[in-house]
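Undergrad: Need coordinates for the below:
(one chain, ligands or ions: 2)
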Amino acid sequence: MHILRKPSWALPDSAATPEEVVLSRRALFGAGLAGAAALASSPARAGWLFGGSEAPVAPEPDPSAGLYPLKRNPAYALDRAVTPEAINLGYNNFYEFGTSKYIADEAQKLRLRPWTLKIGGLVEQPREVGIDDLLKALPLEERLYRHRCVEAWGMALPWSGIPLKSFVDWARPLGSAKYVRFTTFLDPEVASGQRSPLYDWPYVEGLTMAEAASELAFLATGAYGKPLAKQMGAPLRLAVPWKYGFKSVKSIVAIDFVEQRPSTLWAAAGPREYGFWANVNPEVAHPRWSQARERVLGTDETRPTLLYNGYGEQVAGLYAGVTGEKLFM
Ligand SMILES: Nc1nc2c(c(=O)[nH]1)N[C@H]1C(S)=C(S)[C@@H](COP(=O)(O)O)O[C@H]1N2
Ligand SMILES: [Mo]
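TA: Numbers count the residues shown, from 1 in each chain. Ligands and ions are numbered 1, 2, ... in the order given. This is a model prediction of the structure:
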C-alpha cells in the first residue's frame, strides 16, 4: 500500500536479488508472480532504506508454544485451499519493518516477552495483562479464515486465538463505548520502518462495538497450529476477514474502548484511498485498481472477489442501519 505511488509490486528495483531467493520465490508464487517477486525489494534493502542494522537475531523459545495446536471450530470452513505456510511466512505487509513484502528477517528483531497488553478507555477498570495470562484467561480455538488485502491478493489460513467477543466481555467496557481502538507497539529502535516520517506511528485500527462483538471478529495469537510468527503480527493481532487486510492490525499492545471513531493509520495517510470501514466489495474499485478479482497467493490464478469476502451472511446485518458512509473503502 503506497500513497500516490505505484503499488509495491510495480516498483523497479535495480538491486540484485540473490539467485536462491529469487528461485525460492518463484517456487512459492508461481510463474505469474515470479517477475514481480524478482523486482521486489530484498529484506536487506528494506533495512537499508530505513537504516536498520543487519545483525542476526537468535530465535527465542515461545512460552506459549505448548498451547498449540488448538481444537478447530468447524463452523468456520473454507471454499478454497489453505495457503501454504511458507507463503505466509515469506510474503507480508508489516510496514514497521519495511515497505516490501520481504520483511520476515527484519521482523525477527521484535521481542515478544515480556509483552503487556493495556486495556483502557471506557472500561469498568483499566488493566494491564501479560500475553501469557491473557492466553490463560480466555477461550482459545482454531478457525479457517480467508484474508483479502486491499492490494488485490487473497489467501486462506488457519488462525488460532480468541473470539474478540469473548475478549470484549472480559474487558467489561462501559455502555458509553462506541468503538474499539487497537494500537501496535511503538519502538523505532526495533522497527526501522517506524523511523519513516511518511506514516503516523504507531499503527492504529478500529472497529465499532457491534463489529467487535460480531462472531467473526477474532484476536489471533497463532497460525498453522503454532504461536504467531513475528512477521505475521505476534503475539496478538486482529483478524477481521470481511474487511481489507489493513484492518487486521498486528502486534497489538493496547486495546481501548472509546466514544469517538479512532483515527486510523491508513485512513490518515491516504484518506482518498483508505477509509475506516474497508469492507470488501468487488464492485467498488480502489481509486487506482479494480477490486473485481484477486490473485490467489501461492498459485498463478486469480479468482472473483466476493462481497464481504464471502462473509455476508455473518456481517451484512451490521451495516443495515449505516447510511451516508463509504462502507467499502
Ligand atoms: N501493525 C501493522 N499491522 C498490519 C500491517 C502493517 O503494516 N502494520 N499491514 C496490514 C495489511 S495491509 C495486511 S494485508 C495484513 C498482512 O498480514 P500478513 O503479513 O500476516 O499476511 O496485515 C495488516 N496489519
Ligand atoms: Mo493489505
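Undergrad: So which residue is dead centre in the protein?
TA: The centroid of the chain falls nearest to Ser248 when counting by Cα atoms, centre = their mean (3.8 Å).
Undergrad: For that one, list the residues it contacts.
TA: His147, Glu205, Gly233, Arg237, Leu238, Ala239, Val240 (Cβ atoms under 8 Å, 6 or more residues apart in numbering). C-beta: built from backbone N, CA, C; applies to glycine.
Undergrad: so which of these also contact ligand 2?
TA: Among those, not one lies near ligand 2 by Cβ under 5 Å from the ion.
Undergrad: Confirm for me that Glu325 is in contact with Trp277.
TA: Yes: using Cβ atoms under 8 Å, Glu325 is in contact with Trp277, at 6.3 Å.
Undergrad: more neighbours, those two?
TA: Neighbour totals were compared for Glu325 and Trp277, and Trp277 leads with 19 against 10 (other Cβ atoms under 10 Å).
Undergrad: Helix or strand: which one has the more buried one?
TA: Using DSSP states H and E, Trp277 sits within no helix or strand.
Undergrad: same question, Asn88
TA: Using DSSP H and E, Asn88 sits within helix 85-90.
Undergrad: Toward the C-terminus from that helix, list the very next helix or strand.
TA: Toward the C-terminus, helix 85-90 is succeeded by helix 104-107 as the next helix or strand (DSSP H and E).
Undergrad: and the helix or strand just after that following helix, how far out from the chain's middle?
TA: Proceeding N to C from helix 104-107, the next assigned helix or strand is strand 116-121, under DSSP H and E. Here strand 116-121 is found 20 Å from its chain centre; the criterion is Cα atoms, centre = their mean, to the nearest Å.
Undergrad: Ok, stretch 230-243 next?
TA: How far stretch 230-243 lies from its chain's middle: 4 Å, per Cα atoms, centre = their mean.
Undergrad: buried sites along it?
TA: By neighbour count on 16 or more other Cβ atoms under 10 Å, the buried set for stretch 230-243 is 230-243.
Undergrad: now do the same end-to-end measure for that stretch.
TA: Start and end residues of stretch 230-243 are separated by 22 Å (Cα to Cα, to the nearest Å).
Undergrad: Same question for stretch 219-230.
TA: 15 Å.
Undergrad: in it, what counts as buried?
TA: Leu219, Ala220, Thr221, Gly222, Ala223, Tyr224, Pro227, Leu228, Ala229, Lys230.
Undergrad: what residues does the chain put near ligand 2?
TA: Counting by Cβ under 5 Å from the ion, the chain sits next to ligand 2 at Asn93, Cys149, Gly245, Phe246.
Undergrad: mind redoing it with 6 Å?
TA: Proximity of the chain to ligand 2, by Cβ under 6 Å from the ion, involves residues Asn93, Cys149, Val150, Glu151, Gly245, Phe246.
Undergrad: which among the residues you listed gets closest to Leu265?
TA: Nearest to Leu265 out of these is Phe246 (Cβ to Cβ; 8.0 Å).
Undergrad: Report the spatially nearest residue to the closest one, omitting neighbours in sequence.
TA: In space, and not counting its chain neighbours, Phe246 is closest to Trp266: 5.0 Å by Cβ to Cβ, 6 or more residues apart in numbering.
Undergrad: any idea whether that neighbour is helix, strand or coil?
TA: Under DSSP: H, G, I helix; E, B strand; the rest coil, Trp266 falls in the helix class.
Undergrad: Name the residues of stretch 162-181 that come out as buried.
TA: Across stretch 162-181, burial judged by 16+ other Cβ under 10 Å covers 162-168, 171, 173, 177, 179-181.
Undergrad: can you check stretch 84-95 too?
TA: Residues of stretch 84-95 classed as buried by neighbour count (16+ other Cβ under 10 Å): Pro84, Glu85, Ile87, Asn88, Leu89, Gly90, Tyr91, Asn92, Asn93, Phe94, Tyr95.
Undergrad: The residue of the stretch 51-200 of the chain found nearest ligand 1 and Ala278, how far apart?
TA: Residue nearest to ligand 1 within the stretch 51-200 of the chain: Asn92 (3.2 Å; Cβ to the nearest ligand atom). The spacing between Asn92 and Ala278, counted by Cβ to Cβ, to the nearest Å, is 19 Å.
Undergrad: where in the stretch 1-150 of the chain is pLDDT low?
TA: The stretch 1-150 of the chain contains residues with pLDDT under 70 at 1-59.
Undergrad: Now with 50, please.
TA: 4-52 (pLDDT under 50).
Undergrad: Could you list the contact residues of it toward ligand 1?
TA: Residues of the stretch 1-150 of the chain that fall close to ligand 1, judged by Cβ under 6 Å from any ligand atom: Met1, Asn88, Asn92, Asn93, Phe94, Tyr95, Glu96, Cys149.
Undergrad: Not counting sequence-adjacent ones, nearest residue to the third one?
TA: Leaving aside its chain neighbours, Asn92 sits nearest to Gln231 (4.6 Å; criterion: Cβ to Cβ, 6+ apart).
Undergrad: what's the one you found in contact with, if anything?
TA: If you count contacts by Cβ under 8 Å, 6+ apart, Gln231 has them with Leu89, Asn92, Phe94, Phe97, Ile103, Ala104, Ala107, Gln108.
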